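*Asks:* with the sequence up front, the predicted model follows.
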Amino acid sequence: MHGLGGTPLELRMAAKGIASGGFTVHCCQLAGHCGTEEELLATTWQEWYASVETALAKLEAVCDTVIVGGLSIGAILALRLAAMQPERVHGVACFAPTLWYDGWTIPKNQFLLRWLWFLPPAKRYRFQEREPYGVKDERMRAFVLKSMSGGDSGVAGHPSTHALSLYQFWKLVDDIKPKLKAIKRPVFIAHPREDDLASLKNAFYLQKHLGGLVEMLVLDDSYHIVTIDRQWKTVVDRAVKFAQGIEQHRPRAEIAENKTSAIAAE
């Protein structure tokens, strides 16, 4: 799952890399995304989550073992799916998971918006994308900037995030926090040490509060969009090893039972 205001294309390189490791990959589009700002503002976090459940059903039609993952808030949606569907989700891969925006490019007074969002001026606020746009690699950043200037949100996402979308994000975070301990499936977290949008504290929080095994990779040469930045291949390699480990250690009897259920359902 992609991030807030983002697009599945920000996952393309990582998706191809994981697929080359022998896995089926599906990058869904969250409800309201890849269109106009009005279309995004017309959706709620529950509708974003519904897109994730639909994607899960598609994968289950062809896969015995399902690992869900995402970038930024896409990772938070993946964690919620693992909490709500513990028998259907067998692992979670979190790329720069974001519970709050506190990276080094975020204004220090940004937190005030959460408490004042209901005021008319706050409701008109937009968090504008700024350098380095989540990308440390200069050539990739230039490509992202060119795509954003082209005005096609289906390619580069939205150049700003409206306060009402942030409000939905905050409500999603409020929902998932009490559920973290219930997530017993293995979780892989890849997070940049120099994340410009969401500091490493996000990853540490999850590591502390999740209920199962957590494998963590701290990246030393990437910014927020780790799926396209300088160390994306490292992220892919570790994600593939994580997935292979889940597949190898999952009880054969459980897989056989699921296959029988699938045949019966057909």
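*Replies:* Sure thing, it's come through. Just so it is clear, the structure is predicted and the values come from calculations on it, not from any experiment.
*Asks:* so where do the helices sit in the chain?
*Replies:* According to DSSP state H, the chain carries its helices in the segments 12-20, 37-41, 45-60, 73-84, 112-116, 120-123, 138-149, 153-156, 163-176, 201-209, 232-249, 252-265.
*Asks:* give me the below-cutoff pLDDT ranges for the stretch 151-266 of the chain.
*Replies:* Residues of the stretch 151-266 of the chain that meet the criterion pLDDT under 70 lie in 151-158, 251-266.
*Asks:* apply 80 and report the result again.
*Replies:* Low-confidence segments of the stretch 151-266 of the chain, defined by pLDDT under 80: 151-161, 250-266.
*Asks:* now do stretch 159-166: distance to the chain's middle.
*Replies:* Centroid displacement of stretch 159-166 relative to its chain, using Cα atoms, centre = their mean, to the nearest Å, is 17 Å.
*Asks:* distance between the ends of that stretch?
*Replies:* 14 Å (Cα to Cα, to the nearest Å).
*Asks:* swap in stretch 207-221?
*Replies:* The first residue of stretch 207-221 is 21 Å away from its last residue (Cα to Cα).
*Asks:* in that stretch, what's buried?
*Replies:* L210, V214, E215, M216, L217, L219 (16 or more other Cβ atoms under 10 Å). From N, CA and C alone the C-beta is placed, and that goes for glycine too.
*Asks:* of these, which pair is most distant in space?
*Replies:* Spatial extent of the buried residues of stretch 207-221 (Cβ to Cβ) is set by the pair L210 and L219 at 19.5 Å.
*Asks:* show me the buried residues of stretch 207-221 that map onto strands.
*Replies:* Those of the buried residues of stretch 207-221 mapping onto strands are V214, E215, M216, L217, L219, per DSSP state E.
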